[in-house]
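Asker: missing the sequence, but the structure's below:
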């Protein structure tokens, strides 16, 4: 090898390209990866879209395809497009282990690279900046382009146009995604669309491997969601003071403001939830000694504050990752290799970043889209051994609980559908996410909030597992025995054992808390109004979870409960009638999951 890579075809590169047999002996493919590879090689398409749940091993599949095509001399060069700078490095490291040397430092317009490399890794933002330079590189050789998390080609108009211009002449294009596509009006480059049942064009995947299938194959972990609600108080820009309960039905604006109040590190909600999460991590580490936790924060100030809280709670400093820089990548790698307890990050660890020992998560960000939620939860589901369980702590927001209930649902990209009004509240957050992936940061004006958080109190709401809600009757205070029923679940359990244990703990606590005659000195401690409010809140939460599990509207569920249990509407039902409906909807959930 005497010249730069652009001066010679692959056949003259000699020892820089490993024999195909070396790959086969170094890597063992999972069943789905082998099946997808066979399908790809049998059909040999120019464009191929593989949709596989986070943690399933899309990288290994893609590198298997690359090794086959390069080994068979069907392509000469490889270009990998990733969402972030960190993921470029991660791809290069994975490719190196597979015997495929990739230059992760390449930037469009750089020109020639060392002949030791068989390809380059770039970001979508980098493609958008100089697509022409990458088009020239793509045209000069028979090129395979791997588009990791292809949905990012739709994050910005310039990104999509850049991807199409740069890679239109590619010999092969392999698109990957592990998260739900958004519904919008912009087609994603190189993705095939076909009319759905409603006549609206939808993306068509060539191979799909969903979370439910991966869970059955023990490729990913089951997820236990732990939802926390509580009372929030804040002051609006107009000076009005507002109090509302996180977890109760609220308007979209009030829900967004209550969520931001809950996530304020100066309140009581976040310290209580972080303490609960640290207890859960301690329990998991009894069975999985190197298990780690991740807090996903909205901004840098919050991340630093959460890290300070975690140090006071656990006695150990947390690793903080604030931006997509080389130092951040090094910190992630160090955390992945050691046994430290907590990692706190702003967005960049939410997608694609591989830290297999992450087992406990705290969703402490206002970003509330299906795409981001799936990316975030995907950081905790990678299975290493049988029985490992992921635990994710959530604010009790209906939108997030719905995503948790629908974790197994597969989504296609739908064209011709505008973003719903529910998404509008968080549109600014999506814009910040896209810019964060492009290496930008929010301005001071964008970080400003339209209200002042005054205070917050947390309480345990319920656990959500396999789409079913499990919780105790009445309020569950942070630090109580009822809360520990769920925080103390063993760190190693088979899915069936987890479901059985949740049902047992709920049933045993329900029997222990049956109504009894109050002592004379406690009669006035809980008013009728407070008791009814607690019961309505619990019923509404279960109805909401049932809606997200079955799609049945809330009103229809309430009507069905009234028909079976009797009594008036929930707003004027008495305590006995509300308890009967709570018991009945729990029976429905248990029958559905048994």
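Answerer: Received the coordinates, thanks. Just so it is clear, the structure is predicted and the values come from calculations on it, not from any experiment. Residues are numbered from 1 along each chain as shown.
Asker: would you map the strands across the stretch 401-550 of the chain?
Answerer: 451-465, 468-470, 476-477 (DSSP state E, counting those that start in this stretch).
Asker: in the sheet, who's paired with the spatially closest residue to residue 245 that is not a sequence neighbour?
Answerer: Spatial nearest neighbour of residue 245, chain neighbours left out: residue 231 (5.6 Å); criterion: CB to CB, 6 or more residues apart in numbering. Yep, even glycine has a C-beta here, placed from its N, CA and C like the rest. On the basis of DSSP bridges, residue 231 is bridged to residue 245, residue 457.
Asker: domains in the chain, by residue range?
Answerer: Taking automatic domain parsing as the criterion, the chain consists of the domains 5-216, 223-501, 515-593.
Asker: report the rounded mean pLDDT for the first one.
Answerer: Confidence over domain 5-216 (mean pLDDT, whole number) is 83.
Asker: do the same with the last one
Answerer: Domain 515-593 shows an average pLDDT of 73 in the prediction.
Asker: of the strands of the stretch 401-550 of the chain, which approaches residue 327 most closely?
Answerer: strand 451-465 (31.0 Å; CB to CB).
Asker: can you list the buried residues in that closest one?
Answerer: By neighbour count with 16 or more other CB atoms under 10 Å, strand 451-465 contains the buried residues 451, 453-454, 456-465.
Asker: next, format the strands of the stretch 401-550 of the chain as JSON lines and append mean pLDDT and distance to residue 574.
Answerer: Output for the strands of the stretch 401-550 of the chain, formatted as JSON lines (pLDDT from 0 to 100; distance: least, CB to CB, whole Å):
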{"stretch": "strand 451-465", "mean pLDDT": "89", "distance to residue 574": "23"}
{"stretch": "strand 468-470", "mean pLDDT": "82", "distance to residue 574": "23"}
{"stretch": "strand 476-477", "mean pLDDT": "81", "distance to residue 574": "22"}
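Asker: which one of those strands lies closest to residue 567?
Answerer: strand 468-470 (21.6 Å).
Asker: in its sheet, what does that closest one sit against?
Answerer: strand 451-465 (antiparallel).
Asker: tell me how far the strand it pairs with is from the chain's mean position?
Answerer: For strand 451-465, the separation from the chain centroid amounts to 20 Å (computed by CA atoms, centre = their mean, to the nearest Å).
Asker: residue contacts, residue 541?
Answerer: If a contact means CB atoms under 8 Å, 6 or more residues apart in numbering, then residue 541 has 229, 247, 396, 461-462, 469, 471 as its contacts.
Asker: coming back round to it: from the buried residues of strand 451-465, which is closest to residue 539?
Answerer: Out of the buried residues of strand 451-465, the member with the shortest distance to residue 539 (by CB to CB) is residue 462, at 11.8 Å.
Asker: can the domains of the chain go into a markdown table with extra columns for distance to residue 507?
Answerer: Converted to a markdown table, those look like this (distance: least, CB to CB, whole Å):
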| stretch | distance to residue 507 |
| --- | --- |
| domain 5-216 | 25 |
| domain 223-501 | 10 |
| domain 515-593 | 9 |
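Asker: can you say which helix or strand has the most centrally placed residue in the chain in it?
Answerer: When CA atoms, centre = their mean is applied to the chain, the residue found nearest the centroid is residue 376 (2.4 Å). Using DSSP states H and E, residue 376 sits within helix 370-377.
Asker: let me know the average pLDDT across the very next helix or strand once past that helix.
Answerer: Using DSSP H and E, the helix or strand that follows helix 370-377 in sequence is strand 390-395. The average pLDDT within strand 390-395 is 95.
Asker: orientation of strand 390-395 relative to strand 451-465 in degrees?
Answerer: For strand 390-395 against strand 451-465, the angle by axes from the mean of the first three to the mean of the last three CA atoms, to 10 degrees is 140 degrees.
Asker: give me the contacts around strand 390-395.
Answerer: So strand 390-395 is contacted by 221-229, 246, 259, 262-263, 273, 276-277, 280, 284, 359-363, 377, 380-381, 400-401, 404 (CB under 8 Å, 6+ apart).
Asker: now, those that are in strands?
Answerer: The members of those that map onto strands under DSSP state E are 223-229, 246, 359-363.
Asker: is it true that residue 460 touches residue 481?
Answerer: No - in this structure, residue 460 is not within contact of residue 481 by CB atoms under 8 Å, at 11.1 Å.
Asker: so where's the stretch 351-500 of the chain shaky on pLDDT?
Answerer: 351-352, 408-450, 472-475 (pLDDT under 70).
Asker: who does residue 293 bridge with?
Answerer: residue 342, residue 360.
Asker: that one touches residue 357, doesn't it?
Answerer: No - applying CB under 8 Å as the test, residue 293 and residue 357 come out as separate, 9.8 Å apart.
Asker: can you give me the end-to-end distance of stretch 60-79?
Answerer: Terminal residues of stretch 60-79 are spaced 16 Å apart (CA to CA, to the nearest Å).
Asker: tell me the buried residues in it?
Answerer: 60-71, 75-79.
Asker: ditto for stretch 104-121
Answerer: 104, 106, 108, 113, 115, 117-121.
Asker: also stretch 34-43?
Answerer: For stretch 34-43, the neighbour count (16+ other CB under 10 Å) marks 36-37, 40 as buried.
Asker: who touches that stretch?
Answerer: 29, 48, 50, 52, 61, 64-65, 68, 174, 206-207, 209.
Asker: identify the farthest-apart pair in those.
Answerer: Using CB to CB, those span at most 18.6 Å, a distance reached by 68 and 209.
Asker: show me where the stretch 51-200 of the chain has strands.
Answerer: Under DSSP E, counting those that start in this stretch, the stretch 51-200 of the chain gives strands at 77-82, 102-103, 119-123, 143-147, 172-177, 193-195.
Asker: nearest to residue 335, out of those strands?
Answerer: Comparing the strands of the stretch 51-200 of the chain under CB to CB, the one sitting nearest is strand 77-82, at 20.0 Å.
Asker: before we move on, the earlier item: looking at the ones in strands among the contacts of strand 390-395, spot the one nearest residue 297.
Answerer: residue 362 (8.9 Å).
Asker: more neighbours: which of residue 293 and residue 357?
Answerer: Taking other CB atoms under 10 Å, residue 293 and residue 357 do not tie; residue 293 has more neighbours (28 against 19).
Asker: make TSV out of the buried residues of stretch 34-43 and add secondary structure and distance to residue 535.
Answerer: As requested, the buried residues of stretch 34-43 are exported to TSV (DSSP: H, G, I helix; E, B strand; the rest coil; distance: CB to CB, whole Å):
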residue	secondary structure	distance to residue 535
36	helix	50
37	helix	54
40	helix	55
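Asker: make sure residue 208 is indeed in a strand.
Answerer: Yes - counting by DSSP: H, G, I helix; E, B strand; the rest coil, residue 208 is part of a strand.
Asker: what bridges to it?
Answerer: Going by DSSP bridges, residue 208 forms beta bridges with residue 51.
Asker: any idea how many residues pack against it?
Answerer: Neighbours around residue 208, by other CB under 10 Å: 16.
Asker: check whether it really touches residue 52, as I assumed.
Answerer: Yes - the pair residue 208 / residue 52 is scored as a contact, 7.5 Å apart, by CB under 8 Å.
Asker: still on that earlier bit, can I get the contacts of stretch 34-43 in JSON lines with distance to residue 254?
Answerer: JSON lines is the format used below for the contacts of stretch 34-43 (distance: CB to CB, whole Å):
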{"residue": "29", "distance to residue 254": "49"}
{"residue": "48", "distance to residue 254": "45"}
{"residue": "50", "distance to residue 254": "41"}
{"residue": "52", "distance to residue 254": "38"}
{"residue": "61", "distance to residue 254": "44"}
{"residue": "64", "distance to residue 254": "49"}
{"residue": "65", "distance to residue 254": "48"}
{"residue": "68", "distance to residue 254": "54"}
{"residue": "174", "distance to residue 254": "45"}
{"residue": "206", "distance to residue 254": "43"}
{"residue": "207", "distance to residue 254": "43"}
{"residue": "209", "distance to residue 254": "39"}
